[in-house]
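Student: Got a sequence here, can you model it:
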Amino acid sequence: MAAPPPAGNGPRALLFDVDGTLVDTNDLHAAAWREAFRAFGHDLPFADIRWQVGKGGDNLIPALLPGLGEAERERIEEHRSTLFERDYLPRAMPFPGVRDLFERLVGDGIRIVLASSSQRREVDFYLGLIGCEDLVDEITSKDDVARSKPCPDIFEAALAKLQPIDADAVLVVGDSPWDVKAAAKAGLRAIGFRSGGFPDAALLEAGACALYDGPRDLLACYADSPLARHAEAV
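Tutor: All right, here's what the predicted structure looks like:
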């Protein structure tokens, strides 16, 4: 039986980024991108690539190599995808506390959507890794949209699946400034997780309404977080 909708003025749905938010993969993504770039003769510093993680290739590659032609960009992105799935994806690990947090949300009647710039097959793998197939309502991924984060497309697609829930009753949870900026462009507030390795200042400057270390920390601070349900004023 589905849980009742939340009372009070708490959120009715949460849109979760996945990489760096629910699973520890940001360094893996950066390493795969660096290897792919080097295969095409572009030796870019790891730190420069790492800062762009959270974007899809359509936005990450132009940020690092703005003069690159579309054909080469597509070849690099395809090569990186193969590398990542073969050599890096098996090393992904979930962050502690994901299922406990999701169970609390579902118990409070809050719907959960995964909204990722990764390809759908990667998101499906992560969903199995965190063991929350029975708790997640919807998934949106790079496969559903024309543009990745920090463009708002992925969150807008997620909102469409949640209708008639209004955007004011939806929160985003992400680990990168690109998640937070994409949320703002979609008219959504965002909670920032430090688990992705981005500085607090960058997340706050992008517009995060609150910061937590990761899923376990948000659950521990739940009662004082933006997820808490408050009684409506009489």
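Student: quick one: the helices in this structure?
Tutor: Ranges of helices in the chain, per DSSP state H, are 26-39, 46-52, 57-64, 70-83, 98-107, 120-130, 153-162, 177-185, 200-206, 215-220.
Student: Just name the most buried of those helices.
Tutor: Per-residue neighbour counts averaged over each of those give the maximum for helix 177-185, namely a mean of 26 (mean count of other Cβ atoms under 10 Å). Placement of C-beta: from N, CA and C, glycine included.
Student: Alpha carbons of that helix, as PDB, please.
Tutor: What follows is helix 177-185 as a C-alpha-only set of coordinates in PDB (Å, rounded to 0.1, in the frame of the first residue of the first chain):
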ATOM      1  CA  PRO A 177      27.100  23.100  -8.600                       C
ATOM      2  CA  TRP A 178      25.700  21.900 -11.900                       C
ATOM      3  CA  ASP A 179      22.900  20.100 -10.200                       C
ATOM      4  CA  VAL A 180      22.000  23.100  -8.100                       C
ATOM      5  CA  LYS A 181      22.200  25.500 -11.200                       C
ATOM      6  CA  ALA A 182      20.000  23.100 -13.200                       C
ATOM      7  CA  ALA A 183      17.500  22.900 -10.400                       C
ATOM      8  CA  ALA A 184      17.300  26.700 -10.200                       C
ATOM      9  CA  LYS A 185      16.700  27.000 -14.000                       C
END
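Student: tilt between it and helix 57-64?
Tutor: For helix 177-185 against helix 57-64, the angle between stretch directions is 120 degrees (axes from the mean of the first three to the mean of the last three Cα atoms, to 10 degrees).
Student: Identify all contacting residues around helix 177-185.
Tutor: Identification of contacts with helix 177-185 by Cβ atoms under 8 Å, 6 or more residues apart in numbering yields 15, 17, 21, 54-55, 59, 117, 149-152, 154-155, 172, 174, 189-190, 192, 198, 202-203, 205-208.
Student: Give me the buried subset of the residues you listed.
Tutor: Neighbour-count burial (16 or more other Cβ atoms under 10 Å) applied to those gives 15, 17, 21, 54-55, 59, 117, 149-152, 154-155, 172, 174, 189-190, 192, 198, 203, 206, 208.
Student: contacting residues for Arg50?
Tutor: When contacts are taken as Cβ under 8 Å, 6+ apart, Arg50 is in contact with 26-27, 30, 197.
Student: before we move on, what about Glu85?
Tutor: When the contact criterion is Cβ under 8 Å, 6+ apart, the partners of Glu85 are 121-122.
Student: what's the closest of the contacts of Arg50 to Arg91?
Tutor: Of all those, the one with the least separation from Arg91 (Cβ to Cβ) is Asp27, at 9.6 Å.
Student: What residues does that closest one make contact with?
Tutor: Asp27 makes contacts with 50, 197, as judged by Cβ under 8 Å, 6+ apart.
Student: Could you check how far it is from Asp144?
Tutor: Taking Cβ to Cβ, to the nearest Å as the measure, Asp27 and Asp144 are separated by 26 Å.
Student: would JSON lines of the helices of the chain with distance to Asp168 and mean pLDDT be doable?
Tutor: Output for those, formatted as JSON lines (distance: least, Cβ to Cβ, whole Å; pLDDT from 0 to 100):
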{"stretch": "helix 26-39", "distance to Asp168": "30", "mean pLDDT": "98"}
{"stretch": "helix 46-52", "distance to Asp168": "31", "mean pLDDT": "98"}
{"stretch": "helix 57-64", "distance to Asp168": "27", "mean pLDDT": "95"}
{"stretch": "helix 70-83", "distance to Asp168": "36", "mean pLDDT": "96"}
{"stretch": "helix 98-107", "distance to Asp168": "18", "mean pLDDT": "98"}
{"stretch": "helix 120-130", "distance to Asp168": "26", "mean pLDDT": "95"}
{"stretch": "helix 153-162", "distance to Asp168": "11", "mean pLDDT": "95"}
{"stretch": "helix 177-185", "distance to Asp168": "13", "mean pLDDT": "97"}
{"stretch": "helix 200-206", "distance to Asp168": "20", "mean pLDDT": "98"}
{"stretch": "helix 215-220", "distance to Asp168": "20", "mean pLDDT": "98"}
